[in-house]
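In: Let's see this in three dimensions:
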Amino acid sequence: MPTITIRQLHLKTGHWVRRASAGEPVVVTDRGRVVAALRPADAAPRGRPLPDREARIRRRSSIPVDSARYVSEMRNGE
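Out: This is a model prediction of the structure:
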């Protein structure tokens, strides 16, 4: 398991993330103190999936809006 500094992570982030995603955990240190570890993400999702908000929006009834009419009414003080 390689140990790198924050500076090394900053300079070659993509390299270290690819190594971690390949299954090799990487430990990150700050002035000799361990502050983080990069490791592959779990393939299984955690918790409930997020709701499909776009599908909910598509199911809403559409109300025709004539914005020009409303703007002209506001300008005329009606």
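
In: Report pLDDT for the residue most central in space within the chain.
Out: Most central in the chain under Cα atoms, centre = their mean is residue 50, positioned 13.2 Å from the mean C-alpha point. Residue 50 carries a pLDDT value of 80.

In: Quick check: it is in a strand.
Out: No: counting by DSSP: H, G, I helix; E, B strand; the rest coil, residue 50 is not part of a strand but coil.

In: ok, so what distance separates it from residue 56?
Out: In this view, residue 50 and residue 56 are 12 Å apart by Cβ to Cβ, to the nearest Å. Where you see a C-beta, it was placed from the backbone N, CA and C, and this is true even at glycine.

In: Likewise for residue 39?
Out: Residue 39 is 35 Å from residue 56, by Cβ to Cβ.

In: Compare those two (neighbour count), which wins?
Out: Higher neighbour count among residue 39 and residue 56: residue 39, with 13 against 9, using other Cβ atoms under 10 Å.

In: That one reaches residue 25, doesn't it?
Out: Yes: with contact defined as Cβ atoms under 8 Å, residue 39 reaches residue 25; the gap is 4.4 Å.

In: Name the residues contacting each of these two.
Out: Common contacts of residue 39 and residue 25, defined by Cβ atoms under 8 Å, 6 or more residues apart in numbering, are absent altogether.

In: just so I have it, where are all the helices in this structure?
Out: For the chain, the helices defined by DSSP state H cover 6-11, 13-21, 53-59, 67-76.

In: Now render these as JSON lines, adding distance to residue 34 and mean pLDDT.
Out: Listed next are the helices of the chain as JSON lines, based on distance: least, Cβ to Cβ, whole Å; pLDDT from 0 to 100:
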{"stretch": "helix 6-11", "distance to residue 34": "11", "mean pLDDT": "97"}
{"stretch": "helix 13-21", "distance to residue 34": "15", "mean pLDDT": "95"}
{"stretch": "helix 53-59", "distance to residue 34": "39", "mean pLDDT": "85"}
{"stretch": "helix 67-76", "distance to residue 34": "57", "mean pLDDT": "83"}
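
In: I'd like these as CSV, with distance to residue 33 appended.
Out: Formatted as CSV, the helices of the chain follow (distance: least, Cβ to Cβ, whole Å):
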stretch, distance to residue 33
helix 6-11, 10
helix 13-21, 18
helix 53-59, 42
helix 67-76, 58
